[in-house]
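> A predicted structure for the sequence below; I have some questions about it.
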Amino acid sequence: ALLAIAAVGLLANYQLTTGFHRYVVSNQVDKLLMPALVTHYQRTGSWAGVEDVFQRLPGPQRGKGGGKDHGNSPQYTLADASGQVVYDETGSAPASLSPSQKRQAIPVIVDNQTVGYLLVTPGAGESQGRAEAAFLDLITQSLFWAGLLAAILALILGFFVARQVSAPLSRLARAARALSQGDLSQRAPVSGSEEIAEVIIAFNEMAGELERSETLRQQMIADIAHELRTPLTVIQGNLQALIDGVYPLTKEEIAQVYDETLTLARLVNDLRALTQAEAGQLSLHPNEVDVAALVTQAQAVFQDAAREKEIRLETEIAPDLPLMRADIDRVRQTLYNLLSNALRHTPAGGMVRITARPASLPDGRGGVEIAVEDTGPGLSPEEQAHVFDRFWRADASRSRDQGGSGLGLTIARRLIEAQGGVMGVDSEPGQGARFWFILPGVSPAHNATAIKE
């Protein structure tokens with residue numbers, strides 16, 4: 001900024017000085033020289049003796065041929081009406097003016113006739129009187145003080161602008177250092193220019209995501225510890241009772257301990273599957289899946305369990321159902337999980353229905369929807385928001401024997417999403433629940449009729 005002010009000041013001073021010098025010369029020609037030349041020609045009828053006119057001009061002594069030092073004053077060349085040079089102070093003028101020189105020259109007009117041409121050659125710096133010199137000095141000083149004041153104001157303004165820019169960045173740097181030291185609650189106040197504000201907003205969003213991730217991590221560790229504590233406590237208590245002779249060493253007691261080890265194994269397997277799904281490391285083998293056959297098989301597998309609970313298990317398969325492009329083992333795992341949950345929460349005399357129909361994915365691709373509907377207690381909006389969370393159970397009072405590990409739906413959703421599908425739930429309290437998932441379709445399969453039982 002200071003360099004720019006200095007450059008502008010120097011340029012302005014140069015332009016003003018040059019322009020003023022030109023004005024002085026023009027004023028001298030118009031008011032002194034030209035009237036004198038016209039008067040001389042009117043009196044003599046020629047340019048003879050015109051040297052006296054130039055000698056009477058103010059400034060250094062003048063003479064033809066550049067023999068005299070004219071100082072910084074302009075030099076004049078005078079030609080007659082035909083262009084023949086009759087007076088020259090430069091010492092370099094030709095015998096006659098060229099057409100271009102005539103165009104540059106000032107015509108000397110007497111009685112509406114051009115009787116000569118006056119060519120002005122600027123000096124190194126035009127001469128001026130005391131008044132003109134004083135005026136130039138005043139202008140130069142004014143420019144100097146104006147430039148100095150502008151420089152001071154630029155420094156002051158630059159200081160405040162720099163603080164305005166650096167202050168938000170300094171606060172952002174402090175927040176970043178605190179974040180790197182583990183304080184994930186740090187946020188930087190949004191201020192500064194639009195670009196700086198965007199950076200701060202992005203930082204705050206990143207910090208928020210880190211804080212949420214850390215909260216989820218801590219919650220998951222706490223949930224895992226809680227889930228492991230109960231079977232381990234049961235195993236430890238039973239073994240201690242067997243050692244102390246409180247319980248007899250019978251197959252029934254050993255079987256109870258063994259059942260708890262199976263619970264631990266299921267939990268570990270579920271955790272491993274969830275970790276692989278969230279890390280994108282699931283081993284998938286997509287192929288064309290006959291959905292009608294898959295649904296029919298699932299009905300056969302769970303029919304006995306449904307009868308034991310006096311629950312009616314139905315299937316409803318749309319005709320001309322497309323094939324599904326998916327890993328059949330993962331789809332079967334997901335469907336069986338949904339059926340287990342539905343049978344677990346449906347009271348005796350209720351109904352569970354498996355449906356399959358064509359559907360569209362959110363991106364517009366064609367797919368196949370498989371849904372499991374039940375007539376259980378349903379889910380509230382708050383419960384629906386958490387039903388796919390880790391270790392969440394609809395009824396906290398249920399034991400893990402009834403409620404599972406709390407990871408089944410979380411794993412099921414990850415399995416579907418890993419194959420390019422979507423999964424959700426529709427429910428109203430007291431009216432049952434409908435869990436569904438959609439996976440990409442391939443082509444129409446053989447017609448299937450609706451099967452109801």
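Nice, I can see it.

> Quickly list the domain ranges of the chain.
Listed domain ranges for the chain are 2-128, 194-278, 287-444 (source: automatic domain parsing).

> Looking at those domains, which one is packed in the most?
Ranked by mean neighbour count, the domains of the chain are led by domain 287-444 with a mean of 18 (mean count of other CB atoms under 10 Å). Heads up, the C-betas are built off the backbone N, CA and C, glycines and all.

> Let's test this: mean pLDDT of it, rounded?
Domain 287-444 shows a mean pLDDT of 87.

> Kindly report the same for stretch 187-202.
On average, stretch 187-202 scores 86.

> Adding distance to residue 168, write the domains of the chain out as CSV.
Below are these laid out as CSV (distance: least, CB to CB, whole Å):
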stretch, distance to residue 168
domain 2-128, 25
domain 194-278, 5
domain 287-444, 36
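
> so how far is residue 338 from the closest residue to residue 419 other than its chain neighbours?
In this structure, residue 419 finds its nearest non-sequential neighbour in residue 326, 5.2 Å apart by CB to CB, 6 or more residues apart in numbering. As defined by CB to CB, to the nearest Å, residue 326 lies at a distance of 15 Å from residue 338.

> residue ranges of the helices in the stretch 51-200 of the chain, please?
Using DSSP state H, counting those that start in this stretch, the helices of the stretch 51-200 of the chain run over 51-55, 99-104, 130-180, 194-244.

> how about JSON lines for those, with distance to residue 351 added?
Below are these laid out as JSON lines (distance: least, CB to CB, whole Å):
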{"stretch": "helix 51-55", "distance to residue 351": "124"}
{"stretch": "helix 99-104", "distance to residue 351": "108"}
{"stretch": "helix 130-180", "distance to residue 351": "53"}
{"stretch": "helix 194-244", "distance to residue 351": "32"}
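
> any idea which of those scores lowest on pLDDT?
The weakest mean pLDDT among the helices of the stretch 51-200 of the chain belongs to helix 130-180, with a mean of 77.

> Mind giving me the packing neighbours of that helix?
Judged by 3 or more CB pairs under 8 Å, 6 or more residues apart in numbering; DSSP states H and E, the packing partners of helix 130-180 are helix 2-28, helix 194-244.

> next helix or strand past the last one?
When you say that, I think you mean helix 194-244. helix 251-278 (DSSP states H and E).

> Report all helices and strands that that next one contacts.
helix 194-244, helix 408-418.

> still on that earlier bit, ramachandran coordinates for the residue nearest to residue 419?
phi -170, psi 170 (degrees, to the nearest 10).

> Quickly list what it is bridged to.
residue 287 (DSSP bridges).

> List the residues that contact it.
Residues in contact with residue 326, defined by CB atoms under 8 Å, 6 or more residues apart in numbering, are 286, 287, 289, 419, 421, 439, 440.

> angle of the host helix or strand of the last one against helix 408-418?
Residue 440 is part of strand 433-444 when elements are defined by DSSP H and E. Our comparison of strand 433-444 with helix 408-418, counting by axes from the mean of the first three to the mean of the last three CA atoms, to 10 degrees, yields an angle of 20 degrees.

> quick one: strand 433-444 to chain centroid distance?
36 Å (CA atoms, centre = their mean, to the nearest Å).

> other SSEs contacting that strand?
Using 3+ CB pairs under 8 Å, 6+ apart, strand 433-444 sits against strand 322-326, helix 328-345, strand 351-360, strand 366-374, helix 408-418, strand 422-427.

> need these in CSV with distance to residue 162, can you?
Converted to CSV, the helices and strands packed on strand 433-444 look like this (distance: least, CB to CB, whole Å):
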stretch, distance to residue 162
strand 322-326, 60
helix 328-345, 59
strand 351-360, 56
strand 366-374, 58
helix 408-418, 49
strand 422-427, 51
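
> So which of these is nearest residue 275?
Closest approach to residue 275 among these is made by helix 408-418 (9.8 Å; CB to CB).

> contacts for that closest one?
270, 273-274, 277-278, 280, 282, 284, 330-331, 333-334, 337-338, 340-341, 387-390, 392, 422-423, 435, 437, 439.

> how about the CA coordinates for it, as PDB?
C-alpha atoms of helix 408-418 as PDB (Å, rounded to 0.1, in the frame of the first residue of the first chain):
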ATOM      1  CA  GLY A 408     -29.300 -57.600  15.300                       C
ATOM      2  CA  LEU A 409     -31.100 -54.700  13.700                       C
ATOM      3  CA  THR A 410     -27.900 -52.600  13.500                       C
ATOM      4  CA  ILE A 411     -26.100 -55.400  11.700                       C
ATOM      5  CA  ALA A 412     -29.100 -56.000   9.500                       C
ATOM      6  CA  ARG A 413     -29.100 -52.400   8.300                       C
ATOM      7  CA  ARG A 414     -25.400 -52.400   7.700                       C
ATOM      8  CA  LEU A 415     -25.700 -55.600   5.700                       C
ATOM      9  CA  ILE A 416     -28.400 -54.100   3.400                       C
ATOM     10  CA  GLU A 417     -26.500 -50.800   3.000                       C
ATOM     11  CA  ALA A 418     -23.300 -52.600   2.100                       C
END
